[in-house]
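> I'll drop the sequence and a predicted model, then ask my questions.
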Amino acid sequence: MDIEQRPLSANERIKESSRFLRGTIAESLSRIETGSLADDDTQLTKFHGFYQQDDRDLRAERGRQRLEKAFSYMVRMRVPAGIVSPQQWLAIEKIALERANRTIRLTTRETVQFHGVLKSNLTPLMQGLAAINLDTIAACGDVNRNVIATADPSRGGLHEVVATLARDISEHLLPRTRAWHEIWLGEQRVAGAPVEDEPILGRTYLPRKFKIGIAIPPQNDTDLFAQDLGFIAIVERGKIVGYNVTAGGGMGMTHGEPETYPRNADVIGYCTRDDAIAVAEAVVTVQRDYGDRSNRKHARLKYTIDTLGLEIFISLVNDRLKTKLAPARPFKFETTGDRLGWFNEKDGRSHFTLYIENGRIFDRAQRRMMTGLHRIAELNVGRFIMTANQNIIIADIPAASRQAVADLLAEHGLDDAQGGLRRNAIACVGLPTCGLSLAESERYLPDLITRLEAEADRYGLGQTDITIRMTGCPNGCARPYVSEIGLVGRTPGVYNLYIGGAHEGARLSKLYRRDVDGDGIVAALSPLFAAYAEQRKRNERFGDFVIRAGFIAETKTGLDFHENLSPDLRT
Ligand code: SRM
Ligand code: SF4
C-alpha cells in the first residue's frame, strides 16, 4: 500500500491532539492515588524528557500482592556537547540524592539520566534543573535529541567550535511550544500571544526520534555512523573550514524481523561551517515530510533513505538548501574511545578523563565516584564534560589546581588504570528500569569482562584496546553493532554475539554466535583472542582481523546485516 494511504500510527494521533505536547500531563500529575500517568501522557512526557518505568525486579512480587507496579520515572537532561560547570554538577548531584535513586547515570549521548524519580518529585526536579539553566526539553520523543560532539578539550579552539555548533543546532531544532515551561515552571500563557506553531518540526513533530553528532577526526568518539545526521569536521591550518555530512545511521532492530536492521550512515557531501545549521534543518525537514508515520518500526531516517534511494534523498536535501552540498573531503577516523587519565599537560590547562564503569556514578567501597566528583567540583575550577563513552572529563584544570585534583582522585580511588577491554566497554542500562530489556546489561557486563580479560591476559592482550558493548535488547543503545565485539540480549542470561565491527566505528559487525550464555561467550571469544595474538599483522585491529582471518564475513550495508552469517552458523 502507498505510504500516504496507510493508517497513521497511534502516536501520530496522540501528538496531533496533544495541543503542542500538553495533553493531560498536568492533570495526570495531580492524581495522587496512583504513581502512574494516563496512557497517552506517557507518550507525551517523552518530549518533556522523561519516561514512565517500573522496577522490574519487584514486578512479580507486587503482582502477587495485587499492588500497583512500583512506578517511577527516568528523567534525561538535554546538555548539548555534554558540558556542565562544577556548580551545575553539584546541583545535579543534589537532585540525584534528593529526588532520584541516589545515582547519576551518564548516557551514551553525553548527558545525565536520573532513575527512580517518584511522580511527586518530577516538578521539583525540573525546577531544580531550570534553576541551574538546564532542562530536559526534547531529551526523548519524536524530535531531535541531545546533540553530541567530540569531547576533547585538548583540541582547544576546535572543541569550542563543535561544542558551539552542537548548542546552536540543538536550540535551532527545539520544539517551539511553551508546554514544558508551563507545566513544570508554571509559566502562564499570555492573552493575545501569537498562535503556536512548529515551523521546523511540524505540528505532529517528527515521525520518530532523530539524532545528531559532530566529530573531529581522528576521533570518532561520537560514533557518527550510528547517528541519523553527522558532521565530520574538516580542519585546515588548525581551523574548522566545514563539515562532511553523514546521514542515515541508526542501530535499532527487532530480533527475528530482518526488515529492521542497524545501518551505518552514508557520507552525503560537504558543507561550509556557516551552512551546517541550514543542512541540519534541511535533513530534518526531509525526514519530517517523507518519514513513515504509519509503522514506527520503519520510521527512522535510515529507512526513509533506503525507501527513497540515497540519490533521491540527497537531491531532496539539496532542494531545500541555498548552497548545495559539495563533494565530501578526505578524512580519517582512528578510534571511538576516550583519552583516559591525564592528558594535555602542556599549556597550563590539563584534563583528566575519569573512567566510569557503564556511566553509573555512585560510591563503591574502593571507588568513591560520587564523593570524589563532589569534592573536585567544590574546587570550582574548569568544566565537566560528559562523553559518549559514558565517561566524564574534568577539563581545563589550571596548573595551580592540578595537584589538588590529583590528590582527590587518589584519595577516592579514582586514578586506577583499566584493562584494554574494560576501558573500551559500554553497557546500556537494561534491567531493572528499562521496560524493553530482555536480559541484564549494566549489571552483568563488568563481571563478564573480568572473565574475558583473564582470557585476553593469557594471550598477552590484556592492554590491547578492543571495543566491547552490551545491550539488554536489540535496540542498540550502547551501539553494539559498530563495536568489535557486540553482545545483544535475547532472554535472561542469553545473548547474541556479534564480531567484526571496525575499531573506529565505520563498519557494522555480524552475528557470530546465536543464543550464548556467559560460558558460551567466553568459549567463543577465547580462541579468537588466541588466533589474534598469534596471527595479527602490525597494528591490525581485532575487528579487522576476524574478517581477514575468515572468522566472519564483512557487513557492507545495513541491508546485508542479517545475511551471510558466519560459516559456523550456516552449518
Ligand atoms: Fe536508547 C529506547 C536508554 C542511547 C536506541 N533507550 C530506550 C529506553 C528509553 C527504553 C524505552 O523506550 O522504554 C531506554 C531507557 C533505559 C533506562 O532505564 O534508562 C534507553 N538509550 C538509552 C541510554 C540511557 C543507554 C545508556 O546506557 O547510555 C542512552 C540515552 C541516550 C541519551 O542521553 O539520549 C540511549 N538508544 C541510544 C542509542 C545510542 C545513540 O543515540 O547514540 C541508540 C542507538 C542509535 C539509534 O537511535 O538508532 C538507542 N533506544 C534506542 C531504541 C531503538 C530505536 C530504533 O530505531 O529502533 C529504543 C527503542 C525505541 O525507540 O523504540 C531506545
Ligand atoms: Fe533498554 Fe534495550 Fe536500550 Fe538496553 S538497548 S537500554 S535494554 S532499550
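Thanks, I have the structure now. For clarity, every value in this text was computed on a predicted model and none was experimentally measured. Ligands and ions are numbered 1, 2, ... in the order given.
> use CA for all of it now, contacts and neighbours both
Noted.
> Does R402 belong to a helix, a strand or coil?
helix (DSSP: H, G, I helix; E, B strand; the rest coil).
> Find the residue closest to it in space, skipping its chain neighbours.
Leaving out its chain neighbours, the residue that sits closest to R402 by CA to CA, 6 or more residues apart in numbering is S350, at 7.3 Å.
> do the same with E12
In space, E12 is closest to T204, 6.5 Å off (CA to CA, 6+ apart).
> pretty sure that neighbour contacts E16?
Yes. T204 is in contact with E16 according to CA atoms under 8 Å; the separation is 5.4 Å.
> So which of those two has more stuff around it?
T204 (22 against 14; other CA atoms under 10 Å).
> Quick check: the gap between that one and E27.
Distance from T204 to E27, counting by CA to CA, to the nearest Å: 22 Å.
> now K69
Plainly put, K69 is 20 Å away from E27 if you go by CA to CA.
> mind listing what's buried in stretch 253-265?
253, 260-265 (16 or more other CA atoms under 10 Å).
> now swap in stretch 91-110 and tell me
The neighbour-count check on stretch 91-110 (16+ other CA under 10 Å) flags 91-96, 99-100, 102-110 as buried.
> repeat for stretch 337-347
Buried, per 16+ other CA under 10 Å, within stretch 337-347: 337-343.
> Now do that stretch: distance from first to last residue.
23 Å.
> Now that stretch: average pLDDT?
The predicted model gives stretch 337-347 an average pLDDT of 87.
> Indicate whether it makes contact with ligand 1.
No. Contact of stretch 337-347 with ligand 1 (CA under 6 Å from any ligand atom) is absent, the minimum separation being 13.7 Å.
> Can you tell me what sits against that stretch?
Stretch 337-347 has contacts (CA atoms under 8 Å, 6 or more residues apart in numbering) with 154, 219-221, 350-355, 387, 389, 391, 415, 417, 424.
> quick one: low-confidence ranges for this protein?
1-4, 345, 563-571 (pLDDT under 70).
> Now do the contacts for the nearest residue to N144 once chain neighbours are set aside.
Among residues not flanking N144 along the chain, F210 sits closest, at 4.6 Å (CA to CA, 6+ apart). F210 makes contacts with 142-145, 228, 284, 300-301, as judged by CA under 8 Å, 6+ apart.
> Scan these and report the most crowded one.
L301 (30 neighbours).
> And that one, how far from ligand 1?
9 Å (CA to the nearest ligand atom, to the nearest Å).
> was I right about that residue contacting Q227?
No. Counting by CA under 8 Å, L301 sits too far from Q227 to count as a contact (9.6 Å).
> Touching both of the two, which residues are there?
With CA under 8 Å, 6+ apart, L301 and Q227 have common neighbours 247-249.
> sorry, back to before: drop anything exposed from the contacts of stretch 337-347.
154, 219-221, 350-355, 387, 389, 391, 415, 424.
> In strands, which of those appear?
Among these, the residues falling in strands (DSSP state E) are 350-354.
> How about R541, nearest residue that isn't a chain neighbour?
Counting by CA to CA, 6+ apart, the nearest residue to R541 once its immediate chain neighbours are dropped is H503, at 6.6 Å.
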